[in-house]
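1. Below is the sequence, then the predicted model.
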Amino acid sequence: MLTNLRNTCFSRGLSIFVIGSLLLYTSPAIADEAVVTLQEGEAAPFSGTLFSTAAAAQILVQIENSDAACQIEIDRAVGEAEAALQYKADIERTRADACMSELDLAISLRDDHIGFLVEQRDHTIKRTDVFWLATGLLSGVALSMGTAWAWGQVSDEK
């Protein structure tokens with residue numbers, strides 16, 4: 001698209017240059033005046049291109065308007081490119097926001113789960129401290145009594 005714009009502007013610029021060269025750079029050595037007003041049927045005092053007043057005015061308007069048209073086309077193309085880039089930036093910003101929301105949710109869920117596990121651990125430890133103490137004490141007494149009975153049995157056999 002920018003290539004077409006450049007080609008269009010280049011060809012318009014080249015046209016302006018050629019027409020301007022024809023109108024502005026006529027050599028004074030060929031004729032006394034660069035612009036000669038002729039009436040119909042009169043012979044031209046020099047060879048060259050003859051423009052009617054309307055054609056010359058039209059060429060002048062085209063030259064003046066071609067710069068404005070080129071600038072309008074450039075502004076339109078730049079505006080389209082900026083809009084496309086802004087659209088892409090907005091999409092990426094929305095994706096990043098969605099990812100951040102998902103990450104925040106995952107962190108919140110993880111923190112809630114960790115809190116639940118800590119609470120369960122604390123609750124379980126308080127209840128089982130007495131259980132483990134009683135179990136250890138009873139196991140120790142039972143082991144001691146079993147050992148004493150076994151020694152007693154071994155002593156009686158000898």
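-> The structure has been received and is ready for your questions.
2. which stretches of this structure have low pLDDT?
-> 1-11, 13-14, 17-18, 20-36, 125-128, 158 (pLDDT under 70).
3. Would you map the helices across it?
-> 2-24, 53-157 (DSSP state H).
4. for these, which one ends up most surrounded?
-> helix 2-24 (a mean of 13; mean count of other C-beta atoms under 10 Å). Where you see a C-beta, it was placed from the backbone N, CA and C, and this is true even at glycine.
5. Taking the centroid of this protein, which residue is nearest it?
-> Geometric centre of the chain, nearest residue: residue 89, 3.2 Å, by C-alpha atoms, centre = their mean.
6. Could you measure from that one over to residue 41?
-> According to C-beta to C-beta, to the nearest Å, residue 89 stands 68 Å off from residue 41.
7. Kindly report the same for residue 70.
-> For residue 70 relative to residue 41 (C-beta to C-beta), the value is 41 Å.
8. quick one: stretch 37-51 to chain centroid distance?
-> 62 Å (C-alpha atoms, centre = their mean, to the nearest Å).
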